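K.L.:
Pasting a predicted model and its sequence here:
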Amino acid sequence: GPDAVANPSFETDVTSGWNFSPAIPATLVQDSQTAAQGGASARITISTLGSVPWMASLNCTTEIPAVASQPYSATFWARASQPRTITVSFGAFASTRIPITTEWRRYQVTLVPPVSGNGGLQFFLAEATGDVWHDDVHFQAGVTNLYRRDFQKGIVLVNPASMAMTAPLERDFR
């Protein structure tokens, strides 16, 4: 599906396509010193711990229609100044907490809303103090990744979606 994020890479600024809503001391800046993709990223600094994770949130300004029981994917690069947990949310419909590390890593989170409506991608960041960086953020209907792990005598494929996916393989497997 089409990408709901208008400014995924933060190359020109951090405000186009995004709202930053801190209810605690926190800042959002463009960081041209580190990026997973391109030359810049968004750095959020949380100075004070929030009583709830949404007290500092980075919100995509574009909303997309949610269809009940259908998967939606948030795909992004992230890292933190210290290991921590962040919450990734599809509006008020669905959310999940994920651990992030101090190294740049690409994440894909599947969110399945139980009801229909309109919503946007949100990151809730007030669970810990310190810096969090985001880069190359995308949000769309469907699941775009099939997870694969290779072993000496075989492979494991994991389909995070509730629908069938076709995986082209380099040779025959049993």
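P.N.:
Done, it's in. Residues are numbered from 1 along each chain as shown.

K.L.:
Would you mark the buried spots in the longest strand belonging to the chain?
P.N.:
Scanning the chain for the longest strand, with DSSP state E as the assignment, gives strand 130-141. By neighbour count, and taking 16 or more other C-beta atoms under 10 Å as the criterion, the buried residues in strand 130-141 are 131, 132, 133, 134, 135, 136, 137, 138, 139, 140, 141. (C-beta placed from N, C-alpha, C; glycine too.)

K.L.:
Spit out the contact partners of the last one.
P.N.:
So the one you mean is residue 141. Taking C-beta atoms under 8 Å, 6 or more residues apart in numbering as the contact definition, residue 141 lies against 1, 64, 67, 70, 71, 72, 73.

K.L.:
Which secondary structure element of this protein has the lowest mean pLDDT?
P.N.:
Among the helices and strands of the chain, strand 147-151 carries the lowest confidence by mean pLDDT, DSSP states H and E, at a mean of 71.

K.L.:
Show me what the helix or strand that it is followed by pairs with in its sheet, parallel or antiparallel.
P.N.:
Towards the C-terminus, the helix or strand next in line after strand 147-151, according to DSSP states H and E, is strand 154-158. Strands that pair with strand 154-158, judged by DSSP bridges, come out as strand 147-151 (antiparallel).

K.L.:
what residues does stretch 84-99 touch?
P.N.:
Contacts made with stretch 84-99 from outside it, assessed by C-beta under 8 Å, 6+ apart, are listed as 53-54, 63, 66, 72, 74, 78, 80, 83, 100, 107, 109, 111-115, 117-125, 127-128, 130, 132, 139.
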